[in-house]
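**Q** Next come a sequence and a model predicted from it.
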There are 2 protein chains.
Amino acid sequence: MDEDEGALPKKQDFSEWYNELLWRAEIMDVRYPVKGLYVWFPYGFAIRKFVYGRLRELLDRDHQETLFPLLIPEQEFMKEAEHIKGFENEVYLVTHGGTTPLDVKLALRPTSETAIYPMYALWVRSHADLPLKLYQIVNTFRYETKQTRPLIRLREITSFMESHTVHATWDEAEAQVEYEIGLTREFYDGLCIPTTVSKRPDWDKFPGADYTIAVDAIMPNGKTLQIGTVHHLGEHFSRTFSIKYEDKNGDQKLANQTCYGISERCIAALLSMHGDDKGLILPPVAAPVQVVIVPITIGKRHEDVMVAAQNLQQALTATGFRVKLDARDMRPGAKYYWWELRGVPLRLELGPRDLDAKKVMAVKRTGEKTSIDLATAPDGVTRVLAEITDAIRTKAEEHTRSHLCAATTMDALDSALNEGKVAVVHWCKDRACGDAIEEKTTASVLGTDVRSPYVHDSDGACIVCGKPGKATLIGRTY
Amino acid sequence: MDEDEGALPKKQDFSEWYNELLWRAEIMDVRYPVKGLYVWFPYGFAIRKFVYGRLRELLDRDHQETLFPLLIPEQEFMKEAEHIKGFENEVYLVTHGGTTPLDVKLALRPTSETAIYPMYALWVRSHADLPLKLYQIVNTFRYETKQTRPLIRLREITSFMESHTVHATWDEAEAQVEYEIGLTREFYDGLCIPTTVSKRPDWDKFPGADYTIAVDAIMPNGKTLQIGTVHHLGEHFSRTFSIKYEDKNGDQKLANQTCYGISERCIAALLSMHGDDKGLILPPVAAPVQVVIVPITIGKRHEDVMVAAQNLQQALTATGFRVKLDARDMRPGAKYYWWELRGVPLRLELGPRDLDAKKVMAVKRTGEKTSIDLATAPDGVTRVLAEITDAIRTKAEEHTRSHLCAATTMDALDSALNEGKVAVVHWCKDRACGDAIEEKTTASVLGTDVRSPYVHDSDGACIVCGKPGKATLIGRTY
């Protein structure tokens, strides 16, 4: 965990900036000796703790947390035909226990439908058992053959939140999908991450779903990152796993289901969206250290300043802020650099002159200075942190809005994508036209039924065939 | 999650009681279709949340939380000779990614020394990097061939806390071992679980350790359950993985290490130690529901009672208690049964007569009734919950004390063990004498250097050879 003193790559070189920042800001170490597996540094893990703490709070309103096994017997895993088609090339298989070959091979869950639903079949008996709404936060595994990237494309997803709900009717499951889209938007809004929500085209839906609603973020380089998906499973899995309930008339009915996932990509989006050339910028809600106090001590006032700094730390900690007093024997400038790199939202500089004026200098990581009265520092810090959150959100919204643009011809679409934008076109929902768009642009049809403050769900002529079409997002994806 | 109305087996039939209770109190479902893998019910998982929350609080005083990959390349795993000897028959191996055989087989961590220490070798450079104290709470895997039991002997340990520290000297590592024994005792004291701490005999230490200090609980049937271990690793692993630091004189030195683990056996001990014939008894600190309010409504006072019950719930929740108001349409007796089974420490019964008297009846799960003034209910509940914690702790201490006894002859030892006790003998620490004890009694030499308020670390003649010996615990183990 050495401090490397060289300059960070510029954020406009996003890929280099991202890789270098993960290491330098102590988020993840990529030197673990297996491709696609990474190590969380304690600082990165602390960010994860606050982000997932918030996710748990949101889910606990309506779901209960639980935990199912990692290992899925091959025969259960192979039961749902569409599902297995989606995963069979990606699943890790355990074949040996010690030196003994296993009778039944065990899959490492790539996602847990086939682990959970055999149990749901035992648990659900009557309409009175419904709805059933559980979630877990677990490690899952995909044997990725594409290039892996920390937090974005991994072979061990370390922090997969997966929700699995069971309902009496298709409509109730649809309402749950809507509820969970709302939760996801609220979650990302809390992290100041603007999202575009859309309905994935049929060929890109979850294997075994009626339909998939996906949540994307537009990354600094204009590529989209899928950071959440909600799936209406209809009766696909309940038929396969025999999840049935007795309704009020005594009839046996197949249940309807949803599943819903958010992975550590939420942290990739958080770090990427807000950071700048100096390093991370963390919204206070996700910052392991929200306020750093740097004492500026010269000669004989050292003791005074240190006592005042400790009092300040105490007052802020008592108010509930996460505060660090940086009393290390280093130049103030080196400390500024250190904490800026790590994205601490607010730095308080306290020197003899501030002390005399009963003030402390507040330097926002988002780039402004202001003065706070020492006597009412907790109020001042509350106010300034709220301003920082606003500034972070405004900047992210501006980024997202400026990276969305309409395109009415294939050429315009191609240029928009080449300029690093996500385009809104009209599309007739015909697969052939979708394929034509994807082949011509090497981009993806993200989806229709777009929900974004910057995109209107308009009608128009399909960009390929000219037939009536609907507003559709096209983007280059991670 | 049906409610089965039959009576619970008596606690004196401990094994049946335990298995039945896990299911009936909704802790774990054992019907997952792979041996040794179990499913946490939401209620069980909520207990886990509070127990592990407390463990995190204790560790966060001095350690940082982190997360390393599950999969360990076979060649790293095979590096430490003693270590691999201890685990080679128990490790699950991943051999395929999709249909592709892997170039390098991957072990599912049975414990993470060989995942973490190659990274520590990169991170530790100088004495200034030390001490390094990290922990993680993860799933680990052992291909157990013995009989598996939920929370006790599993193939997927779902909740393994493992701490891994690095120090400059052997003495500093020894001090860390002592510190971590202290943490463990504090953790279990908070759960009202008395422990006996002892130094395991050499043949039973962790593979690759200088020595192992273990923490045991005496279960209801007199068997001991190992619920924590702290290992002094000396230079065993630092030599293998080349974890070196430059000391103040510029010399390269091998680091000294410790590791330390607590698994979900802590929850097995919690449930087993305190429960009774009616079900669980949870100390308030670990209870998902600390107080249940049961309104006793008859005829026209229904509305009054319900409003008072809601106000009471609000007042207690605002004070920070975890409170449930049970307004289900069921007989009060059925509700009592339901919450007693689930171990809720305090039940408040509120009826019209209580309301008139401005009181509420408080029924302790530990078996006493008392009256609480409604006007100062939060204070009353605080007091009564503290009394419940005391009663739970006292009963567990009494159990532990009465299950320890001295034995000075092999016959006395054998009878003590057959009576379901843990015996204290004198032993010369010679392996041959240890083997003689274990063969004759089919029990285990738990350890020497015993720390327990009920055992004196005395000298005496070895129970086998008569040479000078030290107080030693002998018990039948899980």
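**A** Received the coordinates, thanks.
**Q** Is residue A:348 within a helix or a strand, and which one?
**A** Using DSSP states H and E, residue A:348 falls within strand A:346-350.
**Q** contacts for that strand?
**A** For strand A:346-350, the surrounding residues in contact (Cβ atoms under 8 Å, 6 or more residues apart in numbering or on different chains) are A:284, A:290-296, A:305, A:308-309, A:312, A:332, A:336, A:339-340, A:360-365, A:372, A:381, A:384-385, A:388. For the C-beta atoms, the positions are set from N, CA and C on the backbone; glycine is no exception.
**Q** Check which element follows the one helix or strand residue A:363 maps to along the chain.
**A** Element membership for residue A:363 (DSSP H and E) is strand A:359-364. Next along the chain after strand A:359-364, taking DSSP H and E as the criterion, comes strand A:369-373.
**Q** could you give the mean pLDDT of stretch A:319-329?
**A** The pLDDT scores in stretch A:319-329 average 97.
**Q** Residue A:238 belongs to a helix, doesn't it?
**A** Yes - assessed by DSSP: H, G, I helix; E, B strand; the rest coil, residue A:238 belongs to a helix.
**Q** which residues does it contact?
**A** By Cβ under 8 Å, 6+ apart, the neighbours of residue A:238 are A:117, A:166, A:244, A:254-257.
**Q** go again using 10 Å as the cut-off
**A** Residue A:238 makes contact with A:117, A:120-121, A:124, A:166-167, A:244-245, A:253-257 under the criterion Cβ atoms under 10 Å, 6 or more residues apart in numbering or on different chains.
**Q** same thing with residue A:27?
**A** A:18, A:21, A:38, A:40-41, A:43-48, A:150-151, A:267-268, A:271, A:280, A:342-343.
**Q** circling back to that earlier point, give me the angle between the strand holding residue A:348 and strand A:369-373.
**A** 60 degrees (axes from the mean of the first three to the mean of the last three Cα atoms, to 10 degrees).
**Q** any idea which helix or strand comes after strand A:346-350?
**A** helix A:352-356.
**Q** Got a PyMOL select line for the buried ones in the contacts of strand A:346-350?
**A** Entered in PyMOL, the line below selects the buried ones among the contacts of strand A:346-350, by 16 or more other Cβ atoms under 10 Å in any protein chain shown:
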select buried, chain A and resi 284+290+291+292+293+294+295+296+305+308+309+312+336+339+340+360+361+362+363+364+365+372+381+384+385+388
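**Q** So which of the contacts of strand A:346-350 are in helices?
**A** Among those, DSSP state H puts A:305, A:308-309, A:312, A:332, A:336, A:339-340, A:381, A:384-385, A:388 in helices.
**Q** Off-centre distance for the strand holding residue A:348?
**A** Mean-position distance between strand A:346-350 and its chain equals 30 Å (Cα atoms, centre = their mean, to the nearest Å).
**Q** That one vs strand A:359-364, what angle?
**A** Using the same axes, to 10 degrees, strand A:346-350 lies at 150 degrees relative to strand A:359-364.
**Q** And the contacts of stretch A:57-64?
**A** Everything outside stretch A:57-64 that qualifies as a contact, by Cβ under 10 Å, 6+ apart, is A:56, A:65, A:131-137, A:161, A:163-165, A:176, A:179-180, A:182-184, A:186-187, A:190, A:260, A:262, B:41-43, B:45-46.
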